[in-house]
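S.K.: show me how the following folds:
(one chain, ligands or ions: 1)
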Amino acid sequence: MSVSDTTQTVQLQVGEPLPGVKKVDPILVADKVRRTFGGVNAVDVAHVEIPRNAITALIGPNGAGKTTFFNLLTGFDKPDEGTWFLDGKSLAGVPAYKVARRGMVRTFQLTKALSLLSVLENMRLGAGNQGGEHFLSALIPGLWRKREEDITAQAMELLARFKLDTKADDYAASLSGGQRKLLEMARALMSKPELVMLDEPMAGVNPALTQSLLGHILNLKKEGMTVLFVEHDMHMVQTIADWVIVMAEGKIVAEGYPDVVMRDQAVIDAYLGAHHDTDLGSLTGQLNVAKDIGDEHLAAEIAEEIAEEGATDGK
Ligand SMILES: Nc1ncnc2c1ncn2[C@@H]1O[C@H](COP(=O)(O)OP(=O)(O)OP(=O)(O)O)[C@@H](O)[C@H]1O
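M.R.: The predicted model follows:
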């Protein structure tokens, strides 16, 4: 089965797919979330809903506010205003470590694996406080030991799934960039989340690991989880996303099914806006924009033209 065979085809939204459109079964709903930095609206999201048990990509040019929005939702930053609900329960003002316990975890653009801990120790940290570390249970060695064993068993099972089990005792520092991304994803799963948020999962991952990472993300959905990811790699977005949300200048400017969104004028404008310094008169400039907006057909045509020009110049 190819990766794209597994993407969802059921209708996810209610009505026309305009920015802020309601979802049939939203897991996360955010309202009027605003974060300013020195007068600049880094995030200014009027309303957004994330569909449950689907893979949603959050895309947009550099500086659009994607990471800041992630930070706000997961309690790593505080908004000027705004409310958001996971499964109907408010998460506004809830600190990051409690957000994970409520069922929402995130990974970072730059991996946060603790280099001087072993791979297994990193995993064990991901288990967090799941109720076993209450004062009383800490006093009962049997209970405490059982919990420790359960955590280790869960960690080893996940490491095996991510093909990192043979590295359990190695320092995280010894892993490649791609393996660290896998470790971060595996660690996020230790808290048995409902919603997994991945910030640029493909950045720095070599091609050999790309396919396995895509497979792991698709598996999360198969297991009933919801995935929200930020990514610049449009190929990945088109391959695995069921739904795409586009941010520009802090706002949501478009959302919909991947193939439709990539051709949306607001999306093209958002990316062109980010390329105001690109010479669109030059073929290379046009090629960069075509790649950024994920129009592979247009990119191939332009690349062909560049190759033809090169061949003529050489004669
Ligand atoms: N801690 C901060 N202090 C000041 N400005 C910030 C801070 N964090 C983000 N910003 C600004 O907020 C805006 C949104 O940044 P953010 O990193 O969220 O964008 P992004 O869409 O994730 O970009 P990229 O794709 O490059 O990661 C940018 O203008 C950025 O300069």
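S.K.: what parts of this structure come near the ligand?
M.R.: With the criterion set to Cβ under 6 Å from any ligand atom, the chain comes near the ligand through 37, 40, 42, 60, 62-68. Bear in mind the C-beta positions are built from the backbone N, C-alpha and C, glycine included.
S.K.: would CSV of these with secondary structure and pLDDT be doable?
M.R.: Below are those laid out as CSV (DSSP: H, G, I helix; E, B strand; the rest coil; pLDDT from 0 to 100):
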residue, secondary structure, pLDDT
F37, strand, 95
V40, strand, 92
A42, strand, 96
G60, coil, 91
N62, coil, 88
G63, coil, 90
A64, coil, 93
G65, coil, 96
K66, helix, 95
T67, helix, 94
T68, helix, 96
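S.K.: select only the buried ones of those in PyMOL?
M.R.: Applied in PyMOL, the following selects the buried portion of the residues of the chain next to the ligand according to 16 or more other Cβ atoms under 10 Å:
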select buried, resi 42+60+64+65+66+67+68
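S.K.: now the two most distant members of the residues of the chain next to the ligand.
M.R.: The largest separation in the residues of the chain next to the ligand, counting by Cβ to Cβ, is between F37 and G60 at 16.7 Å.
S.K.: who touches A64 in this structure?
M.R.: Residues in contact with A64, defined by Cβ atoms under 8 Å, 6 or more residues apart in numbering, are 247-250, 270, 274.
S.K.: returning to what we had before: out of the residues of the chain next to the ligand, who's nearest G93?
M.R.: Comparing the residues of the chain next to the ligand against G93 with Cβ to Cβ places T68 closest, at 16.9 Å.
S.K.: tell me the domain boundaries of the chain?
M.R.: 1-113+190-274, 118-174, 277-315 (automatic domain parsing).
S.K.: measure V24 to G224 for me?
M.R.: Taken as Cβ to Cβ, to the nearest Å, the spacing of V24 relative to G224 amounts to 16 Å.
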